[in-house]
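S.K.: need a structure here:
(chains A and B)
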Amino acid sequence: MPDPITLAVLQNRLAAITAEMGEAMLRTSYSQILNSSRDFSIALIDAKARLIAQADHIPVHVGALPSAVRGLLEAFPAPENGAVYLLNDPYFGGSHLPDLTIFIPVFTGSGPRLFSVVRAHQSDIGGATHGAYNAAATEIWQEGLRIPPILLSERGRLREDIVAMLAANVRHARDFRGDLAAMIGAARLGAARIEATLAEFGAATLAEAIEAILDGAERGARQIVSAWRDGTYEGEAVLDDDGHGRSDIHIRARVIKQGSSVTVDLSHSDPESTGFVNSSYANMHSSVAMAFAFLLDPELPRNDGAFRPLRVIAKPGTIVWANPPAPVTLCTSHCANEIVEAVIAALAPACPDRAMAGWSRRFRIAIDGMDPRTRRRFIWHLFQARPGGGASSAGDGWPTAGEWHSAGGLKFGSIEVTEVRFPLFFEQHEFRPRSGGAGKHRGGAGSTLRVRVETAGPARANTAGDGIRHGARGILGGEDGAPHDYRLAAPGAPPRAITTKETGIVIPPGSRLLIESSGGGGWGNPAERDPAALARDAAEERA
Amino acid sequence: MSRSFAIGIDVGGTFTDIVLAAPLGQIATAKAPTTPADQTEGVLAALALAAAEIDLSLSDLLAATEQILHGTTIATNALIEGKIARVGLITTEGHRDVIEMREGLKPERYNLRLPPPAPLVPRSLRIPVRERIRADGSIAIPLDRASLDSALERLAAAEVEALAICFLHSWRNPAHEAEAASRARARLPGAYVSASAEVLPEIKEFDRFCTAVANAAVGPIVRDYLARLEQRLVAAGFSGSLLVMLSHGGLADIAEAGRLAAGTVLSGPAGGVAAGAALSRHGLGPSLVTFDMGGTSTDIALIQDGRPRLAVPRGLGEARIALPSLDIATLGAGGGSIARIDPSGLLQVGPESAGADPGPACYGKGAGLATLTDANLVLGLIDPEHFLGGRQRLDLAAAERALAPLAARLGLSLEETAAGIHRLVNARMADGLRLATVRRGVDPRPFTLLAFGGAAGLHATAVASALGIAAVALPLDASVLSAWGMLHTDIRLELSRTRLDPAGIEAEKLAADFAAMEKEGRERLAWFDGPLSFRRSADMRYGEQVFEISVPLDGLDWSSPMLESDIAARFHDRHEALYTYALRDESVVAVNLRLSVIGALPDLIPARLAAGPPASPVAERRIVLSLPQIVPVYEFAALRAGQELSGPALIESPGTTILLRPHDSARLDDRGWLSLCPARCETRP
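M.R.: Okay, the predicted model is just below:
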């Protein structure tokens, strides 16, 4: 067993390696979704598929990466040191098709066998519609290119023929190649840093240190969980619909908390759907892990040890674990958000000071049209109108900080830049008053967005998301946040509601989008709200 | 007496440092305690000490002083402590929440129990006014006087001390902001008014609005402080010019510093970086990493080709400031960092710090928290009798008491625990420094580590060897280096404007914009009688990209018929250097044009140290590294030029102690710095 100082040094070192890999990714990736929205994740995972260290990027990715390593090991039981492996298929360990995962094994000598892992969301992955979110899909082949675990390199060089084949199947081949190169570069950097650490400390010391670091995180997590009230708890969250005629799809969590262990049983969730709101196994597992991590201390390392107190039970063929070939692309937001919310709502009575009220649902909209100023076609993705975060024992929810799965990690762009680049005019973009659920602590506000589409001819829009009927959940007496309300006001016509899974919406020139995004859930009894906070809410026209 | 002295003054958290340069390169230094209630007190006290050093009265010294170059932490402290002016915001109707929406971002991804912080301007003081300018600068809604006047009435009634005026697209057309600012100045004559396009005439409303708000929040405080300081200096006999260090590493007169108050937040650390640039010119080589390890944190900056890098934007407390500023990375570890056991049972150091008050346990001021300084004291690396040149005695027993509970939890001896804290900090510094350089696309190994600040000397060679850095330099005046750096800085004005031509680069318009900016620069620096030089650059990107990169445009032939393709080629080359590829057929957009206007102050003649017989150790001390050992102790000031030392040894100066580890070697350069060669470096010079 290494001395406590070496342990502390190595724990910091492993975290620093993942941070450095993340920086390399940020600097070298090409597409906006990676270098601006930062939709990627980094981890070091061992050959027993245990998460050793991770960089804090996208919470919904992190608990999913061990499943991806498991999928890789099933296909390649003896991975080659230094080779490059790739995977995206949710039925072979991936989460959903747009997320590509690169693995580079560092399997040298007698040292711990580690994978340097990089996952990144691609702006397109082929399939029937642009941008990967196909609300009309009823089977996975309509969602994009499937990549089960493959070996991408041969004798130290990338297989250019395979890269060309992959690039030929996506819409933005240049972005795809640039981002893939960035992912491989970051993973190689991680592998090199692991090798340097092995050389510095020795294989045996690193292996023992990893066990001790994981055990330490497990002790920390168990100590936290032990303080929660024992019992069996039920929580649920509801999806509005699947876009194929089914409404109110229930995600049900039965959570048994006993001693220092937590068992989450999702098997009573509703059956799988025809549409893309289904979850893959990896995404389901990750969503539960994310909920659990949100309830621990933020400074506890999020590694395999921290998740040892957690056991997950689910049933294939349900909405949280679909059977092939069901489509799953929306799952990293829906039903991931509902899984998180059901688990946290269940555990709220067990650990009221740790549980937070519901964060919001995603509702994306993309407009395709012609800019009359440049006569060029444009595609605009809505990132403004961020919804609100949930309240907690510590205070009110963050306004316009987003959904469970992004939790304040998704940036929206400048309105000035948007108006320069797109034929859009933003009349209003402000907090939406009274949108956060009432409570002792109020949910964070969503947004009011009024934007005029200044095209010369009609434009078209697609949507993907949920949450126009069910708002972010209030807990412990707090009220739910107001749900999303998106409308389209065409000139001379009454405003009409936009739903969350529509394709080909026609937008006449001069139309206005009237968007009210959802607020976060409230925490605790509204009657207990501090009078000073109530006065401030009124003075600031928030509630 | 002719006015021939220049004086650098750096007001730090604990001490106010002075470096005084006389015409022939002689240098005197002085230190006085900083006086937080009114920093001018400490400045005058330090000046009096400096005058005494060279046997002059304060008034004689000030009368003979041409320039006073000043670094201040007034704005920084106000923002960190939240002691800011009461600010009102006047903004475009429909967009009053820009500063609090924070572009949708929240820090600490896994901390969902983090309450949102209060913005610098509460929503009730963010007043919408009816007006709107379009992206092309045309007016969609004229400025509504009635709505403006009623907003001003509300803010007058709320007794705001400062006003930020932030309208959409003022980067393109500032007319509405200018009109609102002029009516605001008339209606609220005492208030500090900051219009966003006056502060930062660039596109991207979140950065511009936040910068204007931060400027208003510290504006009255900085302006009043500088006025008071000038008044006191003049009353004491000063008739030269008072210049203030700005965050971008250049100097400005006090009118400009008062107008651009948010541009002073890095005023202090900028002095250290300026010193690095000066030492680089004076023989330390073109590539330096400055490593300023103080009480609560460690500041790191890169100097490449002799020049520091600029970066935007920067967060400080709840403020966000997008003015060009030195690219300084801060690690949360310094001498006062607190050692503790984390939830998984491992030892951690920082980021919490005991600060100056109560300070480390060995200061004996209560709390008794175990810090890095306590660990270094227990290891024998710091002399309890000679800390800060003997001005503060340290309590070894208190340090041991503070470390005892940690030692018990870890199952280690006191000395093992202290050695562990010391080693963990070295490792964290190396990891952090590697990340800070990698983030900037730089491999740290070929750089020289320039170490200064109170805590750097004990850790510099260990950090360097962990990174594979082969050269460490530690200046003799390390403890007053920021003040010294101010003496080696130029006057500087940073101008910018947003261009954004949808059709790509239009060279004629670009040239015309640069010419107009040059004219503005000459006018604004008309008070300066020396020669001006100009540096041009542009923030550019491919049409479809989101992020711009900074592209230097010096040395272009602005009358060339090929100007457009020359500028595009500069961008492609820079893109390829940064990201390994260029898309030479893609259209290129210039977003912001930047002009640095530089007024060179005369370079000081560096003093040469005398050679002589090598100094002998002044003492021996028992220290603990991996094992206890007896090492010689040298006095830094007694070393002679060219003298060589080898580790293990300690070298003490009033501001810091330098540890030579076993097999480290050191040599005193005749220009006044110690060149250290870490034991485990991969290549030796």
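S.K.: quick one, strands of the stretch 1-150 of chain A?
M.R.: A:40-46, A:51-54, A:85-87, A:99-106, A:114-121, A:150-151 (DSSP state E, counting those that start in this stretch).
S.K.: would you turn those strands into a markdown table with distance to residue A:520, mean pLDDT and mean neighbour count?
M.R.: (C-beta placed from N, C-alpha, C; glycine too.) A markdown table is the format used below for the strands of the stretch 1-150 of chain A (distance: least, CB to CB, whole Å; pLDDT from 0 to 100; neighbours: other CB atoms under 10 Å in any protein chain shown):
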| stretch | distance to residue A:520 | mean pLDDT | mean neighbour count |
| --- | --- | --- | --- |
| strand A:40-46 | 24 | 94 | 26 |
| strand A:51-54 | 26 | 95 | 25 |
| strand A:85-87 | 34 | 98 | 23 |
| strand A:99-106 | 26 | 97 | 26 |
| strand A:114-121 | 24 | 96 | 27 |
| strand A:150-151 | 41 | 98 | 17 |
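S.K.: among those, which comes closest to residue B:650?
M.R.: strand A:51-54 (36.9 Å; CB to CB).
S.K.: elements contacting that closest one?
M.R.: helix A:4-28, strand A:40-46, helix A:65-75, helix A:203-226 (3 or more CB pairs under 8 Å, 6 or more residues apart in numbering or on different chains; DSSP states H and E).
S.K.: what comes into contact with it?
M.R.: With contact meaning CB atoms under 8 Å, 6 or more residues apart in numbering or on different chains, strand A:51-54 is reached by A:11, A:14-15, A:17-18, A:41-46, A:62-63, A:65-66, A:114, A:210, A:213-214, A:301-304, A:307.
S.K.: in its sheet, what does it sit against?
M.R.: If you go by DSSP bridges, strand A:51-54 pairs up with strand A:40-46 (antiparallel).
S.K.: now do the partner strand against helix A:203-226, angle only.
M.R.: Using axes from the mean of the first three to the mean of the last three CA atoms, to 10 degrees, the inter-axis angle of strand A:40-46 relative to helix A:203-226 is 110 degrees.
S.K.: with only the CA atoms kept, save strand A:40-46 in CSV.
M.R.: The C-alpha trace of strand A:40-46 is given here as CSV (Å, rounded to 0.1, in the frame of the first residue of the first chain):
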residue,chain,number,x,y,z
PHE,A,40,-17.7,15.7,-24.8
SER,A,41,-16.3,13.7,-21.9
ILE,A,42,-13.1,12.2,-20.8
ALA,A,43,-12.3,9.3,-18.5
LEU,A,44,-9.7,6.7,-17.5
ILE,A,45,-11.2,3.3,-17.2
ASP,A,46,-9.5,0.0,-16.3
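S.K.: centre of the chain to it, how far?
M.R.: 15 Å (CA atoms, centre = their mean, to the nearest Å).
S.K.: same thing with stretch B:357-377?
M.R.: That offset, for stretch B:357-377, works out to 26 Å (CA atoms, centre = their mean).
S.K.: just the mean pLDDT for the longest helix anywhere in chain A, thanks.
M.R.: Ordering each helix of chain A by length in residues (DSSP state H) puts helix A:173-201 first. Helix A:173-201 shows a mean pLDDT of 91.
S.K.: do the same with stretch A:489-498
M.R.: 96.
S.K.: next, format the strands of the stretch 1-150 of chain A as a markdown table and append distance to residue B:609.
M.R.: A markdown table is the format used below for the strands of the stretch 1-150 of chain A (distance: least, CB to CB, whole Å):
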| stretch | distance to residue B:609 |
| --- | --- |
| strand A:40-46 | 49 |
| strand A:51-54 | 48 |
| strand A:85-87 | 60 |
| strand A:99-106 | 50 |
| strand A:114-121 | 50 |
| strand A:150-151 | 63 |
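S.K.: tell me which of those strands lies nearest to residue A:511.
M.R.: That would be, of these and by CB to CB, strand A:114-121, which comes in at 29.9 Å.
S.K.: other SSEs contacting the closest one?
M.R.: Using 3+ CB pairs under 8 Å, 6+ apart as the test, strand A:114-121 ends up in contact with helix A:4-28, helix A:32-35, strand A:40-46, helix A:65-75, strand A:99-106, helix A:173-201.
S.K.: and of the strands of the stretch 1-150 of chain A, who's closest to residue A:541?
M.R.: strand A:114-121 (37.0 Å).
S.K.: paired strands for that closest one, with orientation please.
M.R.: Sheet pairing for strand A:114-121, using DSSP bridges, gives strand A:40-46 (antiparallel), strand A:99-106 (antiparallel).
S.K.: all strands of the stretch 201-350 of chain A, in order?
M.R.: Taking DSSP E, counting those that start in this stretch, the strands of the stretch 201-350 of chain A run over residues A:231-241, A:247-258, A:261-265, A:310-313.
S.K.: tell me the domain boundaries of the chain?
M.R.: No chain in the question, so chain A it is. Following automatic domain parsing, one finds the domains of chain A at A:4-218, A:356-543.
S.K.: switch to chain B, please.
M.R.: In the recorded assignment (automatic domain parsing), chain B comprises B:85-214, B:491-599, B:619-677.
S.K.: give me the secondary structure label for the residue of chain B positioned farthest from its centre.
M.R.: Residue farthest from the centre of chain B, counting by CA atoms, centre = their mean, is residue B:146 at 43.1 Å. Using DSSP: H, G, I helix; E, B strand; the rest coil, the structure places residue B:146 in helix.
S.K.: equivalent analysis for the one 3 residues further on, please.
M.R.: Three-state secondary structure (criterion: three-state DSSP) places residue B:149 in helix.
S.K.: distance check, it against residue B:163.
M.R.: 14 Å (CB to CB, to the nearest Å).
S.K.: the two - which one has more neighbours?
M.R.: With neighbours defined as other CB atoms under 10 Å in any protein chain shown, residue B:149 and residue B:163 compare such that residue B:163 has more, 32 against 13.
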